[in-house]
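1. Provided below for reference: sequence and predicted model.
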Amino acid sequence: MVMANPSLRLLLQSIFFFFFLLPCLSSSWSCPEYQKQALLQFKSSILAIDSSLHTFDSWNSSSSCCLWDKVACSSPSNSNSNSTSTSSVVIELHLSKLSAQLMPSNLLAPLFFIRSLRVLDISQNSVNGQIPALGFGNLSNLVHLDLSWNEFNGSIPPQLFQLRHLQYLDLGSNKLQGGLSPRVGSLQGLRMLNLSSNRLSGELPEEIGNLTKLQQLSLSSNKFSNAIPSSILYLGELEEIDLSNNALSMEIPTHIGNLSTLSSLSLGNNKLTGGIPASMQKLNKLNSLDLEGNMLTGEIPFWLLDFKDLQELYLGGNNLTWNNDMKVVPKCSLFGLSLRSCGLRGEIPEWISTQKNLFVLDLSKNQLHGPFPQWLAEINCIFFLLSHNKLSGSLPTALFRSSQLLSTLALSHNNFSGELPENIGDAKFLSILMLDGNNFSGPIPQSISQISDLYLLDLSRNRLSGNIFPVFDPQVNMLYADFSSNQFSGEVPTTFPPNIRTLALGGNKFSGALPLNLKKLRNLERLELQDNNISGELPDSLLQISHLRVLNLRNNSLQGSIPKTLSNLQNLRILDLSSNNLTGEIPIEFVNNLTGMIEAPPNATSQSPDFAVAISFFSSKIFRTEFAVNELIVNWKKSKQGLSSHNIDMYFLLDLSNNQLSSEIPASLGTLKALKMLNLSYNKLSGKIPALLSNLKNVEGLDLSHNKLSGPIPIAFTKLQQLTTLDVSNNKLTGRIPIGGQMNTMADPNFYANNSGLCGFQIRVPCPEDLPPTPKLQEDDNKEEPWILMETVGIGYAIGFLLTIGIIFLAGYFNPSPPPNSRRRRRHHPQRLIRQRI
């Protein structure tokens, strides 16, 4: 018989299904036409922005929308239609990860006609603008709403708090602002609320205590302030609380231990004070406790280690203290432990050896001493953070064994010594290695070049030496390498992978010319070669690293002129060529094309921020730590200062001081309006100070001292509103020092010294035009001077004549009545009379 053939039977069954049964099922699962049209309109709007999407290939007018991808419908019996209808309605839209293209929020408008929706997920798109208030207010049947990981801004619309059926609300990772309305308390059926990673601020409302069915509450990474509301204690079903990374203050609620179902409590990185509440002893289900980075005080209670389910304990970065005299026998098995800056003394506590499952150990910034224990090296820990202690000795080779899962090793600022282990390259998973600020010596092990994911390497400030560097594979993902302040010698090494962004080789003994193959490090953004013995001219190969933002060649023996092609480095923000032997003039072409210094971008932030590590267990981010790389040391306002790598892109500096540069200062320097510091001191520059330097609107420090500049200080310098330091000493300047603006505060005479022609109140030297004018009356008297002279002579002559007569009278030459017998006496004594006259 025909029907006896199994293959034929299967074929006939398939034909029956496709041609008879399927159309019946399709008609019963057809969605309302208006809902189909709304979804097709939404599709059209999306494709107008990103036509390359294939997500909506199944969305077409010839099929029921209930059969489309990312759409779910109700069964006919459960639909909101009348009982005689066989149609279904759309109840779920799963529209996450549609496109990376920026989409306006009004694009969602067609979805608001589908009022039967219970689940709406549009997470991980790039929807921007405000959350459509009226639109979401129409979706009164929503149970699950996920708008996370978008670009929504503005405040949370109050219409969301009217969706009384909501059980799941996720608005995390957007740009929402404003406060959290007390109306949030009306969502009394809510079980999960996530508002993390926004810009929300203000106090947390007491009405949050009305959410009595809440199981998960995440408000982390916002700007919430003041106290944790006491009403949070009413949330008796809470299992997870994450209020970390806010500005919450005051004490942890005393009775927080009443939340008996709590398994995860994260209050890290706030401003909480007081101690750890004793009521926490009742949190028997606790497996994660994060109090990191607050201002908590008091002794760390040892009963925290009695929780059998506890797996993560992060208490570092507070003012808590550890009782070093107490014997500890933990009942828990920890995956993560942070006791950073908790006053640990002595050797690394031996009770930690019982924690065989440790993935994270942070004991940094304590007073630990002694060697790195062998038992600790044998724990298969992923993150060792032991920096800023007094640990000593050499590193055990077991720390780098091939079976080790070690990813981060931070031992900075200790007293470790000896050579680095030869097997360091066996740690295949190592991504961060920070050994700076120790006493390690000898060469760098060649095996380190075998670590393919080593993206942060800091060996600075040791006593490492040698002239042969490891040759890194070009595929290594290294981003940052710091070998500064050691004793390396030979030519400048270039054996690094081409993807490296920061290379610090300053403070060594490198010599010779800059190598031509530096250009292969084409992605370099920061190159530091200061304080070496590098000679020769600046090669064109260096100028081909077009991404350079920071170039520091200070204090070497470079010669020749500044090449005009230096202008190829259009992204330069910091250029330090000071203390070399450069000659010639400052090229105008070089200045004109330094576009990175012409205009500061708005809200400039670093493109190479401090490195951060986030550690997750059980799909929940628990622990995060940052590694601050070394500062960039520059001459800033007459002294050496460190510029933080975290915000280095906020600084714009040009330092050509201590060279042999001559000729005039190019007026085009005034186009570098982003400059905060310009130093041309200790050169042989001549001519006048260009008035166009007054266009440096952001300049804070301007040093033109020790040159041969002449003429006046430009009056336009009064426009430099950011200026705090101006040094023009030891030149040949003349004229009045400008008055007005910041120039009135530039009153240190030392900054104008040895300019014999300068005057002004800043140096307490009056200008000639400031001297009081000669009175007019004195000018008239000067015209009568000959007459006065004649009168004076006449009077003097008369007085002199009278005085002469008086003298003669007194001397006896004049006797008006001679006595009798006078003649007779004269006859008898002729010789005597003659003698008297003589």
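-> Structure received.
2. where do the helices sit along the stretch 1-150 of the chain?
-> Along the stretch 1-150 of the chain, counting by DSSP state H, counting those that start in this stretch, helices occupy 6-16, 22-28, 33-49, 133-138.
3. ok, now how distant is Tyr752 from Ser657?
-> 18 Å (CB to CB, to the nearest Å). Bear in mind the C-beta positions are built from the backbone N, C-alpha and C, glycine included.
4. swap in Gly711?
-> Counting by CB to CB, the gap from Gly711 to Ser657 is 21 Å.
5. out of those two, which sits in the busier spot?
-> Ser657 (24 against 14; other CB atoms under 10 Å).
6. The more buried one and Asn679 touch, don't they?
-> Yes - using CB atoms under 8 Å, Ser657 makes contact with Asn679 at a distance of 4.5 Å.
7. Quick check: neighbours shared by the two?
-> Residues touching both Ser657 and Asn679 (CB atoms under 8 Å, 6 or more residues apart in numbering): 578, 635, 703.
8. closest to Leu190 among those?
-> Sorting those by how near they are to Leu190, with CB to CB, puts Asn635 at the top with 57.8 Å.
9. Now do the contacts for the residue lying closest to Ala427 once chain neighbours are set aside.
-> With sequence-adjacent residues excluded and distances taken as CB to CB, 6 or more residues apart in numbering, Ala427 is closest to Phe400, at 4.4 Å. Shown in contact with Phe400 (CB under 8 Å, 6+ apart): 406, 421, 423-427, 430.
10. Let's test this: name the helix or strand in the chain with the lowest mean pLDDT.
-> The helix or strand of the chain with the poorest confidence is helix 830-837; it has a mean of 34 (mean pLDDT, DSSP states H and E).
11. Report the rounded mean pLDDT for stretch 638-645.
-> For stretch 638-645, mean pLDDT rounds to 78.
12. Tabulate the shared contacts of Ser657 and Asn679 (JSON lines), appending distance to Ala247.
-> Shown next, in JSON lines, are the shared contacts of Ser657 and Asn679 (distance: CB to CB, whole Å):
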{"residue": "Ser578", "distance to Ala247": "42"}
{"residue": "Asn635", "distance to Ala247": "37"}
{"residue": "Asp703", "distance to Ala247": "40"}
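13. among the residues you listed, who's most crowded?
-> Neighbour counts for those peak at Ser578, which has 25 neighbours (criterion: other CB under 10 Å).
14. helix, strand or coil for that one?
-> coil (DSSP: H, G, I helix; E, B strand; the rest coil).
15. which stretches of the stretch 51-200 of the chain form strands?
-> 71-73, 90-94, 103-104, 119-121, 127-130, 144-146, 151-154, 168-170, 175-178, 192-194, 199-203 (DSSP state E, counting those that start in this stretch).
16. Mind putting those strands into a markdown table with mean neighbour count and distance to Ser279?
-> Output for the strands of the stretch 51-200 of the chain, formatted as a markdown table (neighbours: other CB atoms under 10 Å; distance: least, CB to CB, whole Å):
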| stretch | mean neighbour count | distance to Ser279 |
| --- | --- | --- |
| strand 71-73 | 20 | 45 |
| strand 90-94 | 20 | 42 |
| strand 103-104 | 18 | 48 |
| strand 119-121 | 20 | 38 |
| strand 127-130 | 18 | 42 |
| strand 144-146 | 21 | 34 |
| strand 151-154 | 17 | 38 |
| strand 168-170 | 21 | 29 |
| strand 175-178 | 16 | 33 |
| strand 192-194 | 21 | 24 |
| strand 199-203 | 16 | 23 |
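17. Would you reformat the ones you listed as a markdown table and include distance to Leu521 and mean pLDDT?
-> Converted to a markdown table, the strands of the stretch 51-200 of the chain look like this (distance: least, CB to CB, whole Å; pLDDT from 0 to 100):
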| stretch | distance to Leu521 | mean pLDDT |
| --- | --- | --- |
| strand 71-73 | 51 | 95 |
| strand 90-94 | 45 | 96 |
| strand 103-104 | 39 | 94 |
| strand 119-121 | 44 | 97 |
| strand 127-130 | 37 | 96 |
| strand 144-146 | 44 | 98 |
| strand 151-154 | 35 | 97 |
| strand 168-170 | 43 | 98 |
| strand 175-178 | 36 | 97 |
| strand 192-194 | 43 | 98 |
| strand 199-203 | 38 | 97 |
